[in-house]
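**Student:** pasting the structure only:
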């Protein structure tokens, strides 16, 4: 960030905190909740299989985790159905200190998929890959995820510590963030060597993705966290020059708050060519509302490119997030590694 912009940002934080402290002498935290907005509470049914409806469609379940031993991973199940001739894929990518350690991609016939339309339960070739449940005693979602392949396997449990939400996009498709933040435990096996792991994870689910979505240019997506806050954000590029920013702020063991789109500023810098496309290597996201002040820079550490379904360009970033989140006068620092993505349809 340019020195002038950084100075303005720091001064803005100081001014913002001063104003808020004068309004709330005790510095009490805002109780985050969903107000009149475009997002709603999530249920287990929302994370079930929504396919076998209108054709064509794309649907996927996505999980990622940043582990305490320096490893990170992304895994998921994708379903593509065009005129009743569908395929199912699983993807698992393991990273060691943000560098690709191994990448596995498996493809199956649609008939190999058995997925419940009531709860998040997904089987492939008779093996359960995803099972989600609700822990009523602790009011949280719990997911068990298992993927096995010849080189590796993962068996992880994601235990939610934030309230999930869902949003229907302007194109009619749905984005459900069931686990904005979760505690992750389990095992990873690589070449017959098994290690116990723990860390922090995320899970979302997209469905109803049809031809209207592919008319978009693409999108950016990511998350950033401080001690008690988690920010899930996206920048939908309806065209190369027009965007729709989205941001939801979760508090740990609490609720969520949608940030108005017209108060979100997203910018990219350090553009370079990768796989014949212009891609950025530095990102910044900011907002100022009645209750929230946020400025976060994301500096790229590594980039991993993938072609999806033969026509989608996809870049997965590991980024170092640094910045500040202020909620009703309570300020926390953002400083850590996060995973984000850039997807382009053209």
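**Tutor:** Nice, thanks for sending it over. All values reported here derive from a predicted model rather than from experimental measurement. Residues are numbered from 1 along each chain as shown.
**Student:** What are the boundaries of the helices in the stretch 101-250 of the chain?
**Tutor:** Along the stretch 101-250 of the chain, the segments classed as helices by DSSP state H, counting those that start in this stretch run 211-214.
**Student:** how about low-confidence regions in it?
**Tutor:** Counting by pLDDT under 70, the stretch 101-250 of the chain contains no low-confidence segment.
**Student:** quick one, strands of it?
**Tutor:** 113-115, 121-124, 127-135, 140-148, 152-160, 165-168, 174-190, 193-209, 218-225, 229-237, 243-251 (DSSP state E, counting those that start in this stretch).
**Student:** And the shortest one, what's buried?
**Tutor:** By neighbour count with 16 or more other CB atoms under 10 Å, strand 113-115 contains the buried residues 113, 115. For the C-beta atoms, the positions are set from N, CA and C on the backbone; glycine is no exception.
**Student:** and it, what other elements does it pack with?
**Tutor:** Applying 3 or more CB pairs under 8 Å, 6 or more residues apart in numbering; DSSP states H and E, one finds that strand 113-115 contacts strand 121-124.
**Student:** can the strands of the stretch 101-250 of the chain go into TSV with extra columns for distance to residue 69?
**Tutor:** Formatted as TSV, the strands of the stretch 101-250 of the chain follow (distance: least, CB to CB, whole Å):
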stretch	distance to residue 69
strand 113-115	32
strand 121-124	27
strand 127-135	24
strand 140-148	18
strand 152-160	13
strand 165-168	30
strand 174-190	9
strand 193-209	6
strand 218-225	19
strand 229-237	22
strand 243-251	25
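**Student:** Just tell me which of those strands ends up closest to residue 260.
**Tutor:** Nearest of the strands of the stretch 101-250 of the chain to residue 260, taken as CB to CB: strand 243-251 at 8.9 Å.
**Student:** Domain boundaries for the chain, per the record?
**Tutor:** Residue ranges for the domains of the chain, per automatic domain parsing: 1-30+216-346, 44-214.
**Student:** For the residue lying closest to residue 179 once chain neighbours are set aside, list each beta-bridge partner.
**Tutor:** Using CB to CB, 6 or more residues apart in numbering and skipping residues adjacent in sequence, the residue nearest residue 179 is residue 203, 3.9 Å away. Counting by DSSP bridges, residue 203 is bridged to residue 63, residue 179.
**Student:** quick one: residue 203 from residue 210, how far?
**Tutor:** Distance, residue 203 to residue 210, using CB to CB, to the nearest Å: 23 Å.
**Student:** and the two? which has more neighbours close in?
**Tutor:** Neighbour count, other CB atoms under 10 Å: between residue 203 and residue 210, residue 203 has more, with 28 against 15.
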